[in-house]
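Peer 1: when you get a sec, could you give me coordinates for this:
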Amino acid sequence: MKVLVVGSGGREHALVWALSRSPQVKELYIAPGNGGTGGLATNVPIPAEDVAALVDYAAAGRFDMVVVGPEAPIALGLTDLLQAKGLRVFAPSAAAGQLESSKAFSKDFMRRYAIPTAAYATFADHAAAARYLEAHPAPIVVKASGLAAGKGAIVCQTDAEAQAALRQIMVERAFGSAGDQVVIEEYLSGQEVTVLAFADGRTVKPMLLAQDHKAAYDGDRGPNTGGMGCYAPASVLDDALLRQVVARVLQPAVDGLAELGAPYVGVLYAGLMVSGGDFRTLEFNCRFGDPEAQAILPLLRTDLVDVMNACIDGRLDQVALEWAAGSCACVVMASGGYPGDYARGFEIAGLDEAAKLPDTVVFHAGTRRDGGRVLTAGGRVLGVTSWAGGLPEALRRAYAAVERIHWDGAIYRRDIGAKGLRAGKEAA
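Peer 2: Below you'll find the model as predicted:
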């Protein structure tokens with residue numbers, strides 16, 4: 001098979017890594033890729049948002065499958081345009097992708113199909129939204145409705161913080177047009193967990209549970225990021241609760257989109273807040289999470305190509321998902337200042353030494369090559385990933401690899417997986 005992956009982040013490096021392990025894949029390309037993907041695939045210098053150029057390239061190249069990694073090209077209709085050219089695509093349509101590209105659509109969709117979620121209100125007018133905040137005291141969550149690279153949801157602990165977040169989104173336009181509408185949402189407490197599932201338009205099959213770490217700093221402090229690390233499997237949901245999530249969240253979402261004429265094919269991501277034996281849906285994403293993909297894909301034993309083809313062909317019910325025993329952990333190394341302003345162009349040292357550690361892969365995200373050097377080129381730079389028979393050893397290996405990697409100003413959280421370790425001790 002000849003496969004094209006679209007995207008340039010750590011998620012896409014993980015996808016290329018997983019696809020390269022399939023004996024069915026003979027030629028592998030990625031557009032545009034990053035400083036690490038070129039070792040596994042051919043980097044093609046077309047940005048993920050340049051959908052017209054991607055369609056022309058994919059059609060001319062006669063690819064057997066196109067795998068779309070990030071959310072932006074999905075929202076821009078890349079899947080629809082590729083399918084119109086007769087290409088097989090693993091990603092949802094733009095219509096189905098509204099579950100992520102519009103939080104206002106997503107919340108209304110959840111209300112319509114009785115999917116448990118937080119109480120909310122949607123606004124396109126700053127003054128009206130400000131009045132709503134005055135009537136609904138903090139803690140509260142203010143979200144840009146559009147795509148904001150995982151940073152558009154602001155958890156506000158005081159009324160002043162809520163009004164400031166609203167100004168940041170709607171007046172200062174911190175997220176551009178993503179802030180044309182805002183969703184103001186009830187604050188939920190508990191533990192967050194990510195439930196990713198493969199979907200073929202009718203059938204959904206959940207993957208291993210993962211727990212992302214969104215806050216920038218240790219102890220879940222600081223601003224939200226795209227994700228500072230992850231581990232899988234997470235034990236936040238037991239088997240009975242997971243069955244409820246499938247029955248009350250994932251399956252209704254797929255059935256609802258089919259009813260609306262937008263069958264969902266690809267990876268469906270449900271971010272949940274779990275408290276006791278109850279859960280509510282924080283958000284839907286329409287692709288693999290990042291860094292969840294880095295923590296889940298190394299544990300997938302079933303050939304990823306077989307799963308993706310089954311989704312495209314509507315026969316996911318005929319495929320069994322098999323998982324390796326043990327745990328996987330991903331620690332994100334980021335540029336100093338992230339998720340705010342940060343400098344680029346620092347040389348990264350120690351990558352070869354880290355890669356020599358057992359069962360460890362360094363997935364690149366914000367990197368580029370300059371001759372024989374690898375330089376930083378983004379906020380989240382690397383996803384240092386290790387797996388082992390249990391979470392403690394997976395984390396030990398990942399942090400041992402992190403300690404071998406250096407560049408000026410590098411930052412990372414030192415408590416990735418801490419909640420999972422505590423849960424394991426409590427269970428024991």
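Peer 1: neighbours of the residue nearest to Ala262 when sequence neighbours are not counted, just the number please.
Peer 2: Nearest residue to Ala262, sequence neighbours excluded (C-beta to C-beta, 6 or more residues apart in numbering): Ala95, at 3.8 Å. To be clear about C-beta, it is placed using only N, CA and C from the backbone, and glycine gets the same treatment. Ala95 has 18 neighbours, counted by other C-beta atoms under 10 Å.
Peer 1: just Pro45 next, same as before
Peer 2: 8.
Peer 1: ok, now which ones touch it?
Peer 2: Ala31, Pro32 (C-beta atoms under 8 Å, 6 or more residues apart in numbering).
Peer 1: and the pLDDT at it?
Peer 2: With respect to pLDDT, Pro45 has a value of 98.
Peer 1: Gly314 versus the residue nearest to Ala262, what's the distance?
Peer 2: 17 Å (C-beta to C-beta, to the nearest Å).
Peer 1: quick one: contacts for the residue nearest the centre of the chain?
Peer 2: Nearest to the geometric centre of the chain sits Gly289, at 1.7 Å (C-alpha atoms, centre = their mean). Gly289 makes contact with Arg11, Thr194, Leu196, Ala210, Asp212, Gly227, Cys230, Tyr269, according to C-beta under 8 Å, 6+ apart.
Peer 1: and with 6 Å instead?
Peer 2: Thr194, Tyr269 (C-beta atoms under 6 Å, 6 or more residues apart in numbering).
Peer 1: check Ala410 too.
Peer 2: With C-beta under 6 Å, 6+ apart, Ala410 has these contacts: Met333.
Peer 1: could I get the phi/psi values of it?
Peer 2: phi -60, psi 140 (degrees, to the nearest 10).
Peer 1: confirm the residue nearest to Ala262 sits in a helix?
Peer 2: No - using DSSP: H, G, I helix; E, B strand; the rest coil, the assignment for Ala95 is coil, not a helix.
Peer 1: so it sits against Gly261, correct?
Peer 2: No - taking contacts as C-beta atoms under 6 Å, Ala95 lies outside contact range of Gly261: 7.4 Å.
Peer 1: mind checking the SS state of the residue nearest to the centre of the chain?
Peer 2: Applying three-state DSSP: Gly289 is coil.
Peer 1: Glu192 versus that one, what's the distance?
Peer 2: Gly289 is 12 Å from Glu192, by C-beta to C-beta.
Peer 1: got it, and Pro392?
Peer 2: Taken as C-beta to C-beta, the span from Pro392 to Glu192 is 21 Å.
Peer 1: same thing with Leu76?
Peer 2: For Leu76 relative to Glu192 (C-beta to C-beta), the value is 28 Å.
Peer 1: what does Ser335 give?
Peer 2: Separation of Ser335 from Glu192 (C-beta to C-beta): 24 Å.
Peer 1: more neighbours, these two?
Peer 2: Ser335 (24 against 18).
Peer 1: hmm, Tyr342 and the more buried one touching each other?
Peer 2: Yes - at 3.8 Å, Ser335 counts as touching Tyr342 under the criterion of C-beta under 6 Å.
Peer 1: check contacts around the closest residue to Ala354 other than its chain neighbours.
Peer 2: In this structure, Ala354 finds its nearest non-sequential neighbour in Ala401, 4.0 Å apart by C-beta to C-beta, 6+ apart. Going by C-beta under 6 Å, 6+ apart, Ala401 touches Ala354, Leu357, Thr360, Val384.
Peer 1: switch the cut-off to 10 Å
Peer 2: 331, 333, 350-351, 353-357, 360-362, 382, 384-386 (C-beta atoms under 10 Å, 6 or more residues apart in numbering).
Peer 1: can you flag the buried ones in these?
Peer 2: Val331, Met333, Leu351, Ala354, Leu357, Thr360, Val361, Val362, Leu382, Val384, Thr385, Ser386 (16 or more other C-beta atoms under 10 Å).
Peer 1: show me how this structure divides into domains.
Peer 2: 2-91, 125-180, 191-318, 327-427 (automatic domain parsing).
Peer 1: any chance of JSON lines for those, columns distance to Ala119?
Peer 2: Output for those, formatted as JSON lines (distance: least, C-beta to C-beta, whole Å):
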{"stretch": "domain 2-91", "distance to Ala119": "25"}
{"stretch": "domain 125-180", "distance to Ala119": "9"}
{"stretch": "domain 191-318", "distance to Ala119": "10"}
{"stretch": "domain 327-427", "distance to Ala119": "26"}
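Peer 1: who wins for proximity to Arg112 among the ones you listed?
Peer 2: Ranking the domains of the chain by proximity to Arg112 (C-beta to C-beta) places domain 191-318 first, at 7.0 Å.
Peer 1: what mean pLDDT does the closest one get?
Peer 2: So the average pLDDT for domain 191-318 ends up being 96.
Peer 1: first-to-last residue distance for that domain?
Peer 2: 33 Å (C-alpha to C-alpha, to the nearest Å).
Peer 1: any stretches of the stretch 51-200 of the chain with poor pLDDT?
Peer 2: Scanning the stretch 51-200 of the chain for pLDDT under 70 picks out 150.
Peer 1: residue ranges of the helices in it, please?
Peer 2: Per DSSP state H, counting those that start in this stretch, the stretch 51-200 of the chain carries helices over the ranges 51-61, 71-75, 78-84, 98-101, 103-112, 126-135, 159-170.
Peer 1: and those: which comes nearest Gly256?
Peer 2: helix 103-112 (6.4 Å).
Peer 1: only C-alpha atoms, please: export the closest one in PDB.
Peer 2: The C-alpha trace of helix 103-112 is given here as PDB (Å, rounded to 0.1, in the frame of the first residue of the first chain):
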ATOM      1  CA  LYS A 103     -18.300  23.900  20.300                       C
ATOM      2  CA  ALA A 104     -21.700  25.600  19.900                       C
ATOM      3  CA  PHE A 105     -22.800  22.900  17.400                       C
ATOM      4  CA  SER A 106     -21.300  20.200  19.700                       C
ATOM      5  CA  LYS A 107     -23.200  21.300  22.800                       C
ATOM      6  CA  ASP A 108     -26.500  21.700  20.900                       C
ATOM      7  CA  PHE A 109     -25.900  18.200  19.400                       C
ATOM      8  CA  MET A 110     -25.300  16.700  22.900                       C
ATOM      9  CA  ARG A 111     -28.500  18.300  24.100                       C
ATOM     10  CA  ARG A 112     -30.500  17.000  21.100                       C
END
